[in-house]
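>>> this one's sequence-less:
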């Protein structure tokens, strides 16, 4: 009888262990970890962001599994576990993405998320990530509202690059330095969170850094994916301001460039294009010469052309060999987030005596840490150590006929501490208060 | 002031022409078949994709620039005939006489399926077909630069509207069409081949939808999802002008185009609002639209 009870108990324990195999594995070691990677695979966001992001993810994960990433990431897998990525479509809006997020956690049991292009998606899933206690690294989405309004005391959510305020502030620095005698600036931005935030931050930063250059109150606000900009181009041609700011991206950016080129717009106005780096290689010779081109950091064209580290060389060569085109900013940003995960899990595993770490241990390892991304160092130095601070670069675009590629010149680099609000203060308050505490030396 | 008015009018006419070219095919189909065809957005997208794809091959081989214009019409005809027959014979013929809501849902389902087909065929990379627009150059009028390609859309819209008017009022096929519009059953009883009229009308509407996409392709980046935005705008124009009314589509397009252009120049934040404000106002005072005759119900 006693033996029978023991046998039953053993079977029961075995069943429980089998059922919760992953949990048991957590305490010792793990063969495989699963990362859910949302990005745009369909719709207007796919060509400029989604596909380069997917490519960057596939490339870095396969290299991690084979131990081919240069130091300090030249060990196989993440803390010994081979990585499987579930790359899924970010299209469809916030409600759909919340459902997708829940499914990936509750049905598939993924270990973590890395990715998200759209600020709208990040805004939608932040609360769910905290609710489901799932480690989530935002790689690309720019809105500062994530940690300034939606999740002021984050635990499970991190962002592994600077937010959009850094784009506006660094661009204003560049304009103040290079176009200080311009007579004014206007803008054309998509009429949703990204476009409005981009204009707001640039406008506020300009008021601090170049108050002699006046901003227009008649900027253009076409709907996202409008596709036709005839009247807007007329209004810009008619406007008295020399400078035009735009955060257009994707098909909207390319359509706007085609329509503007046909009317000589880029010869009459100096354009400041904060995301033009995503389209540079696709447009090639059609990229307007002389535009100030942004890549949301030292990614894409800036890394490919100007950064000579073993990591960037390897990433660029591997990407070009595999996909036949140059990597752009989302490729770098997604790979950066995956490297952030590898860094955090391995640091936590080391602290855990080599055993697979718990999520809390991974969070503790990443909070406030500094790790090497593909093209830049990431310091998790804002929002209780959950918001990354990364450097930025701006320059002027042209097409190099010998290389057969677009290039940047007249480049200026900006340190993250110069262009991001200090810890504990939100972007708008910081900008309106004269950007006190910025370290630009 | 003169320059501002001229600019608003010109911008409005260009945008209105674009809207008309997009919406007229949808109007023709609804006028004859009472089908609110959501797949129209797919025809626009496939027209744009095929034109950009063929254009890419053409220009890669450094063939004469004017060939791009031939490709625009060729792509429209290929897409129009193929999808016209496929959708009308494969889907709609089974739904004639059914509740209009079911037909809308069926075309919406087909639209979603065709989005997937488009992705399967063309992938997610954008296609560029800028050469026809770049080739024509630009002109300066009253201090404002306009490109000839966009100005030519006004001419294309005029030609389409005149051709449809001539077809409907001066040809035997047009009279047959009007007879079917007026009363399908009587027409059938009088020996009109309604099936052929429906198929011909649908191919015409499909070709116009594809032509709008092919004609716009040189001014945009052709990529997944371009048909979605278009269908919403086309629907707004059709509702404003009156469901099935071709003069209504023309006037509605110009009205929307000019009012939107005025908003862009003077109240940029309101540019999309004004389009739907016009639609709402029209629906309040003339629920059937500006030019559609009051509907007669058979009892």
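Received it, and whenever you're ready, just let me know what you need. Because the structure is predicted, anything quoted here is derived from the model rather than measured.
>>> in the stretch 51-200 of chain B, where is pLDDT below threshold?
By pLDDT under 70, the stretch 51-200 of chain B has no low-scoring segment.
>>> before we move on, what about chain A?
A:1-29.
>>> tell me the domain ranges of it?
In the domain annotation for chain A, the residue ranges read A:31-162+A:309-389, A:165-296+A:391-432 (automatic domain parsing).
>>> adding mean neighbour count and distance to chain B, write these out as CSV.
Glycine gets a C-beta too; all of them are placed from N, C-alpha and C. Putting these into CSV (neighbours: other CB atoms under 10 Å in any protein chain shown; distance: least, CB to the nearest CB, whole Å) gives the following:
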stretch, mean neighbour count, distance to chain B
domain A:31-162+A:309-389, 21, 4
domain A:165-296+A:391-432, 21, 3
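>>> dump these into JSON lines; add distance to residue B:189 as well.
Output for the domains of chain A, formatted as JSON lines (distance: least, CB to CB, whole Å):
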{"stretch": "domain A:31-162+A:309-389", "distance to residue B:189": "48"}
{"stretch": "domain A:165-296+A:391-432", "distance to residue B:189": "46"}
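>>> just confirm residue A:83 contacts residue A:77, I think it does.
Yes. Assessed by CB atoms under 8 Å, residue A:83 is found in contact with residue A:77 at 6.3 Å.
>>> spit out the residues that contact these two alike.
Here residue A:83 and residue A:77 have A:64-65 as joint contacts, going by CB atoms under 8 Å, 6 or more residues apart in numbering or on different chains.
>>> can you give me the helices for the stretch 51-200 of chain B?
Assigned by DSSP state H, counting those that start in this stretch, the helices in the stretch 51-200 of chain B fall at B:67-90, B:100-122, B:131-136, B:148-170, B:172-182, B:184-189, B:194-216.
>>> what's the closest of those to chain A?
Closest approach to chain A among these (CB to the nearest CB): helix B:131-136, 5.0 Å.
>>> elements contacting that closest one?
helix B:40-60, helix B:67-90, helix B:148-170 (3 or more CB pairs under 8 Å, 6 or more residues apart in numbering or on different chains; DSSP states H and E).
>>> now do it: everything it contacts.
With CB under 8 Å, 6+ apart as the test, helix B:131-136 has contacts from A:258, A:261-262, B:55, B:59, B:65-66, B:68-69, B:72, B:147-150, B:152, B:218-219.
>>> give me the buried subset of those.
A:258, A:261-262, B:55, B:59, B:68-69, B:72, B:147, B:149-150, B:152, B:218-219 (16 or more other CB atoms under 10 Å in any protein chain shown).
>>> which residues of the stretch 101-250 of chain B lie near chain A?
B:115, B:119, B:124-126, B:128, B:130, B:133-134, B:138, B:144-147, B:149-150, B:216, B:218-221, B:223-226, B:228-229 (CB under 8 Å from any CB of the partner chain).
>>> buried ones among these?
Judged by 16+ other CB under 10 Å, buried ones among those: B:115, B:119, B:124, B:126, B:128, B:130, B:133-134, B:138, B:144-147, B:149-150, B:216, B:218-221, B:223-226, B:228-229.
>>> what's the most buried one of the helices of the stretch 51-200 of chain B?
helix B:194-216 (a mean of 24; mean count of other CB atoms under 10 Å in any protein chain shown).
>>> got the angle between the helix or strand following it and helix B:194-216?
Using DSSP states H and E, the next helix or strand after helix B:194-216 towards the C-terminus is helix B:226-241. Interaxial angle of helix B:226-241 relative to helix B:194-216 (axes from the mean of the first three to the mean of the last three CA atoms, to 10 degrees): 120 degrees.
>>> and the helix or strand that helix B:226-241 is followed by, what's buried?
Following helix B:226-241 in sequence order, the next helix or strand is helix B:246-266 (DSSP H and E). Within helix B:246-266, the residues scored as buried using 16+ other CB under 10 Å are B:246-265.
>>> which helices and strands does helix B:246-266 pack with?
Counting contacts by 3+ CB pairs under 8 Å, 6+ apart, helix B:246-266 packs against helix A:230-238, helix B:2-33, helix B:148-170, helix B:226-241, helix B:271-285.
>>> gap between that helix and the chain center?
Mean-position distance between helix B:246-266 and its chain equals 15 Å (CA atoms, centre = their mean, to the nearest Å).
>>> check stretch A:361-375 too.
16 Å.
>>> equivalent analysis for stretch A:50-60, please.
For stretch A:50-60, the distance to the chain centre is 12 Å (CA atoms, centre = their mean).
>>> over to stretch B:238-254?
Distance, centroid of stretch B:238-254 to centroid of chain: 11 Å (CA atoms, centre = their mean).
>>> span of that stretch from start to end?
12 Å (CA to CA, to the nearest Å).
>>> one more: stretch A:288-308?
26 Å.
>>> cool, and stretch A:203-221?
Using CA to CA, first and last residues of stretch A:203-221 are 15 Å apart.
>>> work out the gap between it and the centre of the chain.
Using CA atoms, centre = their mean, the distance between the centre of stretch A:203-221 and that of its chain works out at 25 Å.
>>> circling back to that earlier point, among the helices and strands packed on helix B:246-266, which comes closest to residue A:59?
helix B:226-241 (28.8 Å; CB to CB).
>>> distance-wise, check residue B:45 relative to chain A.
Remark: distance between residue B:45 and chain A (CB to the nearest CB, to the nearest Å) = 12 Å.
>>> spatially nearest residue to that residue (excluding sequence neighbours)?
Take residue B:45 and drop its neighbours on the chain: the residue closest to it by CB to CB, 6 or more residues apart in numbering or on different chains is residue B:227, 3.6 Å away.
>>> mind listing what that neighbour touches?
B:41-45, B:111, B:115, B:118, B:213.
>>> what does residue A:149 give?
residue A:426 are the contacts of residue A:149 under CB under 8 Å, 6+ apart.
>>> need the residue closest to the centroid of chain A.
residue A:140 (1.8 Å; CA atoms, centre = their mean).
>>> circling back: among the buried ones among the contacts of helix B:131-136, which two are most distant?
B:59 and B:150 (20.0 Å).
>>> returning to what we had before: in JSON lines, list the helices of the stretch 51-200 of chain B along with distance to residue A:439.
Formatted as JSON lines, those follow (distance: least, CB to CB, whole Å):
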{"stretch": "helix B:67-90", "distance to residue A:439": "54"}
{"stretch": "helix B:100-122", "distance to residue A:439": "47"}
{"stretch": "helix B:131-136", "distance to residue A:439": "46"}
{"stretch": "helix B:148-170", "distance to residue A:439": "48"}
{"stretch": "helix B:172-182", "distance to residue A:439": "73"}
{"stretch": "helix B:184-189", "distance to residue A:439": "77"}
{"stretch": "helix B:194-216", "distance to residue A:439": "49"}
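>>> and those helices: which comes nearest residue A:347?
helix B:100-122 (40.2 Å).
>>> quick one: contacts of the helix or strand where residue A:62 lies?
Here residue A:62, judged by DSSP H and E, is contained in helix A:51-66. Helix A:51-66 is contacted from outside by A:35, A:37, A:39-41, A:69, A:73, A:76-78, A:82-83, A:85, A:87, A:114-115, A:117, A:139-140, A:278, A:315, A:318-319, A:322-323, A:327-335, A:338-339, A:342, A:374, B:124-125, using CB under 8 Å, 6+ apart.
>>> okay, and which of those residues map to helices?
Those of the contacts of helix A:51-66 mapping onto helices are A:315, A:318-319, A:322-323, A:329-335, A:338-339, A:342, per DSSP state H.
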